[in-house]
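Chemist: Here is my input; please provide its structure:
(2 chains)
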Amino acid sequence: MSSVIEFHNIVKEFHHKGKKMTALHNVSLKIDKGDIYGVIGYSGAGKSTLLRMVNALETPTTGKVIVGGKELGTISNQELSQVKKNISMIFQHFNLLESKTVFDNVALPLVLNKVDKATIHKRVKELLEFVGLADKENSYPSQLSGGQKQRIGIARALVTNPEILLCDEATSALDPKTTVSILKLLKRINQEFNITILIVTHEMEVIREICNKVAVMEKGNVIEAGDVLAVFGNPQRETTKEFVKTVIHDEIPSSVVQELQAEKRNRRVYQLKFFGKTASEPLLTKLTKEFDVDMNIVFANVTELQGTTLGIFTVAFFGEDSVLDHLYHYVTERNISIKEVIV
Amino acid sequence: MNSVSADLIIQSIYETIYMVSVSLLIGTLIGVPLGILLVMTRPNGIKPSRIFFTILNGIINILRSIPFIILLVAITPLTRLIAGQTYGSTAAIVPLVVYIAPFIARLVENSVLEVGPGIIELAKSLGATSFQTIRYFLLPEALGSLVLTMTTATIGLIGATAMAGTIGGGGVGSLAITYGYERFNTYVIILTVIILIIIVQIIQSIGNRLAKKLRHE
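Modeler: I've put the predicted structure just below:
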């Protein structure tokens, strides 16, 4: 697959009252056609600055931004506006014109492009139908709920048939239920129109629900990036672990820990992670049969990610150290992630 | 006791409306574009220009600092140049415009600045030109607030016309001064104040209603 957005060694410095502040340190990322690419980080991590470079709302101090094969800093203004026509954006606070009707809000990008009225009328109707708000065309934004406002924002973004959709904290102002419905809509857009989506968020749920790729940002750096399953399943950095914890629990409840600590028998506690098919293999049964050990599941969690499952099992095994060593090797040989948890 | 005729009162009301409407019209034609230029050229505006902004901002501040009664006298040569005379309602329009245009510019600037940064971000993301940003984003969004702005300007102008009486501008305010205050006629003062209250009330309620309608809240 070819990359539609590439960031090469992006550095962004801001000067404020004579002080230099670096928002982005040497960031490189590639986003492929058809990706729903999530960039997650706490506020101030530089993720919005990065997003806004794609449609030239920000320019890098050094480094290259390549969109659709064109390097943004080097092309003419005319070419740049051509590139920008293929990029739409939705916002945290929707940014709808309060003085205009829903219809006029959605029509706005076409009016700016001087499209004829009949085409505008047809296209706006189509999009309002698509986002499920055909009956609201004469309403004003103040009469709509947050979720409806974001749907209008999405209709406005799609009205120009873009190839790339940028989402700047698009669900951060919405309640959890509305968030899910907006995320489903974004997924549909990605699948039906093959629009590449770059989404910036601080909510791990957004990444879990719709993204296939993720980059974790911290203090202007990308600290981890790759397939959601890989990054979620095996987080390396502290910040990533914190984010993963918000959607995938892997901590043993404290009452269970107390029970384990009171247990006299020799035991080890292992955390096992299963991806996809391995989740359905009867590994635990095999282990108890193969090795003469007792076991007790002290924590378990199965999460669906990208149509596959990530299972986390924390199991206490009771037996001789030598047997438990064998068991550990047996599991690692089967390419299943296992690590000892100190209780 | 009643020393003013009904004709004189009607004549005065007519003069007030004449001075206010003409100077408001010309003041708007000058003030609104200046207000928009202030918003555009300010630092972090859509077309920042430090020199232009500093000069324009300075001129507006200077004109806004001069008390109207002083301005009226100070710009007599300009009034003669433009109106051909320095006396009467028409002549009063020149200082009234010089007074109200910078006021409108400042009010328009404030109204347009109230439009959130999100709308400007949207305009930029849609690749709107500076003209399109003003025409399709800032002005429509500021319209409700602009109507209230113009209401404030109009009422300010009515107050200023009273002083235009000193150069023979006429109007309700001048009626109050010459027939009421200077002749110790309390009845005329009260009558003119009532007329002014009614005019101001009408303008303010029209403004409020229009603004409410435009804001869709």
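
Chemist: Need the residues that contact the helix or strand bottoming out on mean pLDDT in chain B.
Modeler: Lowest by mean pLDDT, DSSP states H and E among the helices and strands of chain B is helix B:172-175, with a mean of 84. Helix B:172-175 is touched from outside by B:4, B:8-9, B:12-13, B:15-16, B:158-159, B:161-166, B:188, B:192, B:195-196, B:199, with contacts defined as C-beta atoms under 8 Å, 6 or more residues apart in numbering or on different chains. For glycine as for every other residue, the C-beta is placed from the backbone atoms N, C-alpha and C.

Chemist: Check the offset of the helix or strand containing B:Leu81 from the chain's centre.
Modeler: B:Leu81 belongs to helix B:76-83 when elements are defined using DSSP states H and E. Relative to its parent chain, helix B:76-83 has a centroid offset of 20 Å by C-alpha atoms, centre = their mean, to the nearest Å.

Chemist: Surely B:Gln85 forms part of a helix?
Modeler: No. B:Gln85: not assigned to a helix; according to DSSP: H, G, I helix; E, B strand; the rest coil it is coil.

Chemist: got the contact list for it?
Modeler: By C-beta under 8 Å, 6+ apart, B:Gln85 lies in contact with B:79, B:91.

Chemist: and it, how far is that from B:Glu114?
Modeler: 41 Å (C-beta to C-beta, to the nearest Å).

Chemist: List the buried residues of stretch B:138-152.
Modeler: B:138-142, B:144-152 (16 or more other C-beta atoms under 10 Å in any protein chain shown).

Chemist: and stretch A:249-267, how far apart are its ends?
Modeler: 23 Å (C-alpha to C-alpha, to the nearest Å).

Chemist: tell me, how many neighbours does A:Val39 end up with?
Modeler: For A:Val39, the count of nearby residues is 28 (other C-beta atoms under 10 Å in any protein chain shown).

Chemist: Confirm it sits in a strand?
Modeler: Yes. Counting by three-state DSSP, A:Val39 is part of a strand.

Chemist: Could you pull up the residues touching the residue of the stretch 201-343 of chain A found nearest chain B?
Modeler: Nearest residue of the stretch 201-343 of chain A to chain B (C-beta to the nearest C-beta) works out as A:Thr201 at 17.6 Å. By C-beta under 8 Å, 6+ apart, the contact set of A:Thr201 is A:38-40, A:167, A:169-172, A:207.

Chemist: what about whatever residue of the stretch 151-300 of chain A ends up closest to chain B, which helix or strand?
Modeler: The stretch 151-300 of chain A approaches chain B most closely through A:Leu166 (8.0 Å), counting by C-beta to the nearest C-beta. Per DSSP H and E: A:Leu166 is located in strand A:164-168.

Chemist: Tell me which residues are up against that strand.
Modeler: A:4-5, A:48, A:51-52, A:54-55, A:67, A:86-92, A:157-158, A:186, A:189, A:195-201, B:125.

Chemist: Please flag which of those residues sit within strands.
Modeler: A:4-5, A:67, A:87-91, A:196-201 (DSSP state E).

Chemist: Please pick out the residue of chain A most distant from its centre.
Modeler: Here the centre of chain A is the reference, and by C-alpha atoms, centre = their mean the most remote residue is A:Lys264, at 44.4 Å.

Chemist: count of neighbours near the nearest residue to B:Ile104 once chain neighbours are set aside?
Modeler: Sequence neighbours aside, B:Gly31 is the residue nearest to B:Ile104 in space, at 2.8 Å (criterion: C-beta to C-beta, 6 or more residues apart in numbering or on different chains). Residues lying near B:Gly31 (other C-beta under 10 Å) number 26.

Chemist: how would you label B:Ile70: helix, strand or coil?
Modeler: helix.

Chemist: That one and B:Gly169, how far apart?
Modeler: From B:Ile70 over to B:Gly169 (counting by C-beta to C-beta), the distance is 16 Å.

Chemist: Of the two, which one has the most company?
Modeler: B:Gly169 (27 against 11).

Chemist: element containing the more buried one, please.
Modeler: B:Gly169 is part of no helix or strand when elements are defined by DSSP H and E.

Chemist: and what of A:Gln148?
Modeler: According to DSSP H and E, A:Gln148 maps onto helix A:146-158.

Chemist: distance between that helix and the chain's centre?
Modeler: Taking C-alpha atoms, centre = their mean, one finds the center of helix A:146-158 at 19 Å from the center of the full chain.

Chemist: hmm, who's touching it?
Modeler: For helix A:146-158, contacts defined as C-beta under 8 Å, 6+ apart pick out A:88-91, A:94-96, A:102, A:105-106, A:108-109, A:124, A:127-128, A:130-133, A:136, A:141, A:144, A:165, A:170-171, A:173-175, A:178, A:181-182, A:185-186, A:189, A:193, A:195.

Chemist: okay, A:Gly311: pLDDT?
Modeler: pLDDT, A:Gly311: 85.

Chemist: for chain A, what are the nearby residues on chain B?
Modeler: Residues of chain B lying close to chain A (C-beta under 8 Å from any C-beta of the partner chain) are B:116, B:118-119, B:121-122, B:124-128, B:132, B:136-137, B:140-141, B:143-144, B:214-217.

Chemist: which residues in the stretch 51-200 of chain A form helices?
Modeler: Along the stretch 51-200 of chain A, the stretches classed as helices by DSSP state H, counting those that start in this stretch are A:77-85, A:102-112, A:117-130, A:146-158, A:176-193.

Chemist: Nearest to chain B: which residue in the stretch 101-250 of chain A?
Modeler: Nearest to chain B, among the residues of the stretch 101-250 of chain A, is A:Tyr140, at 4.0 Å (C-beta to the nearest C-beta).

Chemist: give me every residue that touches the closest residue to that residue other than its chain neighbours.
Modeler: Closest residue in space to A:Tyr140, ignoring its immediate chain neighbours: B:His216 at 4.0 Å, by C-beta to C-beta, 6+ apart. With contact set as C-beta under 8 Å, 6+ apart, B:His216 has these partners: A:98-99, A:140-142.

Chemist: On the three-state scheme, A:Lys273 is what?
Modeler: Applying three-state DSSP: A:Lys273 is strand.

Chemist: can you tell me which residues contact it?
Modeler: A:233-234, A:310-312, A:336-338.

Chemist: Give me the buried entries from the residues you listed.
Modeler: Among the contacts of A:Lys273, those buried by neighbour count (16+ other C-beta under 10 Å) are A:233, A:310-312, A:338.

Chemist: could these go into CSV alongside distance to chain B?
Modeler: Output for the buried ones among the contacts of A:Lys273, formatted as CSV (distance: C-beta to the nearest C-beta, whole Å):
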residue, distance to chain B
A:Gly233, 35
A:Leu310, 36
A:Gly311, 41
A:Ile312, 40
A:Ile338, 48
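
Chemist: Filter those down to the ones in helices?
Modeler: When the buried ones among the contacts of A:Lys273 are checked against helices (DSSP state H), the matches are A:Gly233.

Chemist: Greatest separation within the buried ones among the contacts of A:Lys273: which pair is it?
Modeler: The largest separation in those, counting by C-beta to C-beta, is between A:Leu310 and A:Ile338 at 14.6 Å.

Chemist: re earlier: export the least confident helix or strand of chain B as PDB, just CAs?
Modeler: Listed next in PDB are the C-alpha coordinates belonging to helix B:172-175 (Å, rounded to 0.1, in the frame of the first residue of the first chain):
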ATOM      1  CA  VAL B 172     -34.300  67.800  19.900                       C
ATOM      2  CA  GLY B 173     -31.300  68.200  22.100                       C
ATOM      3  CA  SER B 174     -30.600  71.700  21.000                       C
ATOM      4  CA  LEU B 175     -34.300  72.500  21.600                       C
END
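
Chemist: In the chain, where is pLDDT below threshold?
Modeler: No chain in the question, so chain A it is. By pLDDT under 70, the weakly predicted segments of chain A are A:1, A:277-281.

Chemist: Chain B is the one I meant
Modeler: Checking chain B against pLDDT under 70 turns up B:1-3, B:217.

Chemist: which residues in it form helices?
Modeler: Counting by DSSP H, one finds helices in chain B at the ranges B:6-41, B:50-65, B:68-74, B:76-83, B:89-113, B:117-125, B:130-132, B:139-164, B:172-175, B:186-215.
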